[in-house]
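Participant: Just to be clear, the model below is a prediction. Sequence and coordinates:
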Amino acid sequence: MKGLNTAKLIDLALKLADESGPIVLNYFRKSLSVEFKSDDSPVTKADKEAESALRRLLSKETPNFGILGEEYGEERINSEYVWVIDPIDGTRAFINGIPLFGTLIALTHHGKPILGLVDHPALKERWLGVDGRPTLHWGRGDEGVPVKSRDCGTISKALLCASSPEMFSKNQLNQFNLVSDAARDTRFGTDCYGYSMLASGQTDLVVEAGMQPYDYLAHVVVVSGAGGKITDWEGKELTLNSSDTVVAAGSPKIHEQIIQLFSNSKAK
């Protein structure tokens, strides 16, 4: 993050999470109307109110930076630096009273993520990744403690997480099933918490599709800073302009095995 006041931006990211958390929790497990957008994804007043608060703070603190958010789109998207925010990643979990949802905050430089914060307000946990630094964890007795992902050795020993099988197209589901069949165990419904558990060495793989930049860019720096690797299904780095697929692994070795599995399936 050369040329930037890194400490100030970290403080701002933490302040953003502190701002959004109480708003989101004010609506959690309460009677709440749900709307469905054109892509059939749900949205609530909590999503909109939290993103509005984040945008106001960002516009005040970094007026020359761009913003991309799930609910209110893009502003100054061609700026050198762009904040990418998702006030409630896992809205379906949120409206079902499941506490695995999170607020995702990323900062990109020329489209590449250089800072990522994943905040789980209902669990009182958060993970912070900064380019070139170890990923830190807050919560459950930890206050900014470095975390490390794990290397399970081979796919056959891997624990795999994904949000939902409904996220995949027919062809994508066929590819996902190759990984699921090869892995030791598959868990659905983890949403963004799966990436957090991967960074902390509790699980080994996250494979997803149907994603948008605000769904994955915060995870890029968090996973990388913990020693893992995260790309799209072709092994390409994730940026503002990436495809909708994501594969994250606790180690580069396991990641390469997954990419090779996908490559071999296409060659047949």
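Facilitator: The structure has been received and is ready for your questions.

Participant: can we go C-alpha only for contacts and neighbour counts from here?
Facilitator: Fine.

Participant: Isn't residue 101 up against residue 87?
Facilitator: No: counting by C-alpha atoms under 8 Å, residue 101 stays clear of residue 87, with 9.6 Å between them.

Participant: Looking at those two now, which is surrounded by more residues?
Facilitator: Just comparing residue 101 and residue 87: by other C-alpha atoms under 10 Å the higher neighbour count belongs to residue 87, 31 against 27.

Participant: what sits against residue 106?
Facilitator: Applying C-alpha atoms under 8 Å, 6 or more residues apart in numbering, we find residue 106 in contact with 83, 84, 85, 113, 114, 115, 116, 117, 214, 217, 218.

Participant: Equivalent analysis for residue 232, please.
Facilitator: Contacts for residue 232 (C-alpha under 8 Å, 6+ apart) come out as 238, 242, 243, 244, 245, 246, 247.

Participant: Now secondary structure too, for the contacts of residue 106, in JSON lines please.
Facilitator: Formatted as JSON lines, those follow (DSSP: H, G, I helix; E, B strand; the rest coil):
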{"residue": "83", "secondary structure": "strand"}
{"residue": "84", "secondary structure": "strand"}
{"residue": "85", "secondary structure": "strand"}
{"residue": "113", "secondary structure": "strand"}
{"residue": "114", "secondary structure": "strand"}
{"residue": "115", "secondary structure": "strand"}
{"residue": "116", "secondary structure": "strand"}
{"residue": "117", "secondary structure": "strand"}
{"residue": "214", "secondary structure": "helix"}
{"residue": "217", "secondary structure": "helix"}
{"residue": "218", "secondary structure": "helix"}
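
Participant: all strands of the stretch 151-268 of the chain, in order?
Facilitator: Assigned by DSSP state E, counting those that start in this stretch, the strands in the stretch 151-268 of the chain fall at 159-162, 185-188, 205-208, 229-231, 246-249.

Participant: Could you list the residues in contact with the first one?
Facilitator: When contacts are defined by C-alpha under 8 Å, 6+ apart, strand 159-162 is touched by residues 180, 183-191, 194, 203-208.

Participant: let's go with 6 Å and repeat that
Facilitator: 184, 185, 186, 187, 188, 194, 203, 204, 205, 206, 207, 208 (C-alpha atoms under 6 Å, 6 or more residues apart in numbering).

Participant: Can you list the strands that that strand pairs with?
Facilitator: Strand pairing for strand 159-162, determined by DSSP bridges: strand 185-188 (parallel), strand 205-208 (parallel).

Participant: from the middle of its chain, how far away would the last one be?
Facilitator: Computed by C-alpha atoms, centre = their mean, to the nearest Å, the separation of strand 205-208 from the middle of its chain amounts to 11 Å.

Participant: Give me the mean pLDDT for it.
Facilitator: Summarised as a single mean, pLDDT over strand 205-208 is 98.

Participant: Same check on the first one?
Facilitator: Rounded to a whole number, the mean pLDDT of strand 185-188 is 98.

Participant: Can I get the strands of the stretch 151-268 of the chain in CSV including distance to residue 52 and mean neighbour count?
Facilitator: As requested, the strands of the stretch 151-268 of the chain are exported to CSV (distance: least, C-alpha to C-alpha, whole Å; neighbours: other C-alpha atoms under 10 Å):
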stretch, distance to residue 52, mean neighbour count
strand 159-162, 28, 24
strand 185-188, 30, 14
strand 205-208, 27, 26
strand 229-231, 29, 26
strand 246-249, 27, 27
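
Participant: want to throw the ones you listed into a markdown table with distance to residue 130?
Facilitator: Output for the strands of the stretch 151-268 of the chain, formatted as a markdown table (distance: least, C-alpha to C-alpha, whole Å):
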| stretch | distance to residue 130 |
| --- | --- |
| strand 159-162 | 24 |
| strand 185-188 | 28 |
| strand 205-208 | 20 |
| strand 229-231 | 15 |
| strand 246-249 | 17 |
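
Participant: Low-confidence ranges, the stretch 151-268 of the chain, go.
Facilitator: Applying pLDDT under 70 to the stretch 151-268 of the chain flags residues 267-268.

Participant: Good, wrapping up.
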